[in-house]
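S.K.: please find the sequence and the predicted model below.
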Amino acid sequence: MIQPNQPKGSATYRAHTNIALIKYWGKRDQALFLPVTSSLSLTLDAFYTDTQVTFDTQLAHDRFILDGQEQETSQVAKVSAFLDRFRAFAQTDCRALVTSTNHVPTAAGLASSASAYAALACATNAALGLDLSQRQLSILARQGSGSASRSLFGGFVIWHAGQGEDSDSSYAEPFEAAEWDLAMLVVMVNKGTKKISSRQGMALTMETSPFYALWPDEVAKDLAAIQPAILAHDLASVGQIAEHNAMKMHATMIAANPSFSYWEADSLKAMDLVRQLRQEGFTAYFTMDAGPNVKVLCPASQAEAIRDRFMTEFDSKQLAVAYPGPAPYPIND
Ligand code: ADP
Ligand code: DP6
Ligand code: CO
């Protein structure tokens, strides 16, 4: 525990992003980040966040530097509110300097909020010497960004919705190690900042989309179907269920009022190419999140050939092949 007169506790962690195959879309409690449904994801090796947290008694306020830029008040406030939960555990009011680097485009629908809050949770825990469990860290990361609860673990991860208003019942845990013939080609259609954040998008959908009422049952069915498919390493079934789940989520947004969509013309082009590749015998399925970028689930053994096909329509700089990634780990600061 950091005592008020103790000068500095510092730690740096790397956490990887995760892409949901069965999506989280909607909160039953916005303050606690309790989701309407459970969800299931794959952690990726190629995209991650490095975050250093240094508690310093000399600081009058928390500071937050992202990609070398001192952040403005509203961004600092989000980080401060997150740190407050850890400060309560440690019984300290010591302020901190948070310095973070995203090795993933920020707020582009590539899950920067997932790797960000997982890295921040792990680094804060270590900097304060709290020794919280992975499950406790998943619960805390969830309250920074829901998808971050899943980035506490590697491979395939399930985030349990939990019961009622019980925050401690809503946590992620490993589902399957993903140590098989598996890759995800990420097609970066647009790395820019989205106009509607995930948070706003899901809230607007819940409030106004008549199709949202159908969503929880669809997720329950898809979750029940995808789990045995993952355990059987049946990638075609996993992909088919994941692609359909993503399309149903995007359908809820199109039916929102006002209607909105994260898709761009090149997103459609990428989806079409995936369908074409399937016709040619490739095992390729797409998923999309709150952004225009397309992620293609495929066997690792087909990933290079699939990327080569995408190079005919996209720039090589827009394409990245990712493989299953690990849980967060400390790095030298
Ligand atoms: P994404 O699709 O990238 O997850 P979101 O809208 O869910 O987009 O979240 C983006 C927000 O996450 C940013 O506006 C910022 O508040 C937060 N965020 C992103 N990266 C970091 C970071 N490294 N440290 C702290 N917060 C971050
Ligand atoms: C479409 O976790 O970014 O990517 O909890 O409000 O921070 P907040 O939202 P966030 O939402 C992710 C939505 C999604 C689906 C998913 O990752 O499950
Ligand atoms: Co996010």
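M.R.: Perfect, I can see it now. Residues are numbered from 1 along each chain as shown. Ligands and ions are numbered 1, 2, ... in the order given.
S.K.: what about the top strand by length along the chain, near ligand 3?
M.R.: Criterion DSSP state E: the longest strand present in the chain is strand 39-56. No. Under the criterion of Cβ under 5 Å from the ion, ligand 3 is not reached by strand 39-56; the shortest gap measures 11.6 Å. From N, CA and C alone the C-beta is placed, and that goes for glycine too.
S.K.: by contact count, what packs against that strand?
M.R.: strand 8-22, strand 96-103, helix 112-127, strand 156-159, strand 183-187, helix 215-231, strand 319-322 (3 or more Cβ pairs under 8 Å, 6 or more residues apart in numbering; DSSP states H and E).
S.K.: continuing past it, what's the next helix or strand?
M.R.: strand 63-66 (DSSP states H and E).
S.K.: what does stretch 196-216 contact?
M.R.: Identification of contacts with stretch 196-216 by Cβ atoms under 8 Å, 6 or more residues apart in numbering yields 25-27, 30, 36-37, 107, 109, 113, 145, 147, 248-249, 251-253, 255-258, 260, 262, 289-290.
S.K.: and residue 137, what does it touch?
M.R.: 118, 121-122, 125, 152.
S.K.: and if you look at residue 29?
M.R.: Counting by Cβ under 8 Å, 6+ apart, residue 29 has contacts residue 165.
S.K.: get me the contact residues on the stretch 101-250 of the chain for ligand 2.
M.R.: Within the stretch 101-250 of the chain, the residues that sit near ligand 2 (Cβ under 6 Å from any ligand atom) are 113, 145-147, 198-199.
S.K.: nearest to ligand 3 among the residues you listed?
M.R.: Nearest to ligand 3 among those is residue 113, at 3.2 Å by Cβ to the ion.
S.K.: quick check: closest non-adjacent residue to that closest one.
M.R.: residue 145 (3.6 Å; Cβ to Cβ, 6 or more residues apart in numbering).
S.K.: phi and psi next, for that neighbour.
M.R.: phi -160, psi 130 (degrees, to the nearest 10).
S.K.: just the strands from the stretch 151-300 of the chain, written as ranges.
M.R.: Assigned strands in the stretch 151-300 of the chain, in chain order: 156-159, 172-176, 183-187, 285-288, 294-298 (criterion: DSSP state E, counting those that start in this stretch).
S.K.: for the first one, list the C-alpha coordinates in CSV.
M.R.: What follows is strand 156-159 as a C-alpha-only set of coordinates in CSV (Å, rounded to 0.1, in the frame of the first residue of the first chain):
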residue,chain,number,x,y,z
PHE,A,156,-10.9,-16.8,-26.5
VAL,A,157,-12.6,-15.1,-23.6
ILE,A,158,-16.1,-15.0,-22.3
TRP,A,159,-17.5,-12.0,-20.4
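S.K.: who's in contact with residue 238?
M.R.: 21, 226, 229-230, 285, 297.
S.K.: now do the contacts for the residue nearest to it when sequence neighbours are not counted.
M.R.: Excluding the flanking residues, the one nearest residue 238 by Cβ to Cβ, 6+ apart is residue 229, at 4.7 Å. For residue 229, the contacting residues are 237-238, 241, by Cβ under 8 Å, 6+ apart.
S.K.: any chance of JSON lines for those, columns pLDDT and distance to residue 271?
M.R.: Formatted as JSON lines, those follow (pLDDT from 0 to 100; distance: Cβ to Cβ, whole Å):
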{"residue": "237", "pLDDT": "98", "distance to residue 271": "19"}
{"residue": "238", "pLDDT": "99", "distance to residue 271": "18"}
{"residue": "241", "pLDDT": "99", "distance to residue 271": "16"}
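S.K.: and these, which is closest to residue 181?
M.R.: Residue 181 has its nearest neighbour among the contacts of residue 229 in residue 238, at 11.8 Å by Cβ to Cβ.
S.K.: measure that closest one to ligand 3 for me?
M.R.: Look at residue 238 and ligand 3: by Cβ to the ion, to the nearest Å, they are 22 Å apart.
S.K.: how close does that residue get to residue 47?
M.R.: According to Cβ to Cβ, to the nearest Å, residue 238 stands 20 Å off from residue 47.
S.K.: same check on residue 193?
M.R.: 16 Å.
S.K.: please identify which of those two sits among more neighbours.
M.R.: residue 47 (24 against 12; other Cβ atoms under 10 Å).
S.K.: report the contact partners of the more buried one.
M.R.: 16-17, 103-104, 110-111, 115, 186, 320, 322.
S.K.: now residue 236
M.R.: Counted by Cβ under 8 Å, 6+ apart, residue 236 has contacts 283, 285.
S.K.: per-residue confidence for it?
M.R.: Per-residue pLDDT puts residue 236 at 98.
S.K.: coming back round to it: keep only the contacts of residue 229 that also lie close to ligand 1.
M.R.: On the criterion Cβ under 6 Å from any ligand atom, none of the entries of the contacts of residue 229 sits beside ligand 1.
S.K.: from those, which land in helices?
M.R.: 237-238, 241 (DSSP state H).
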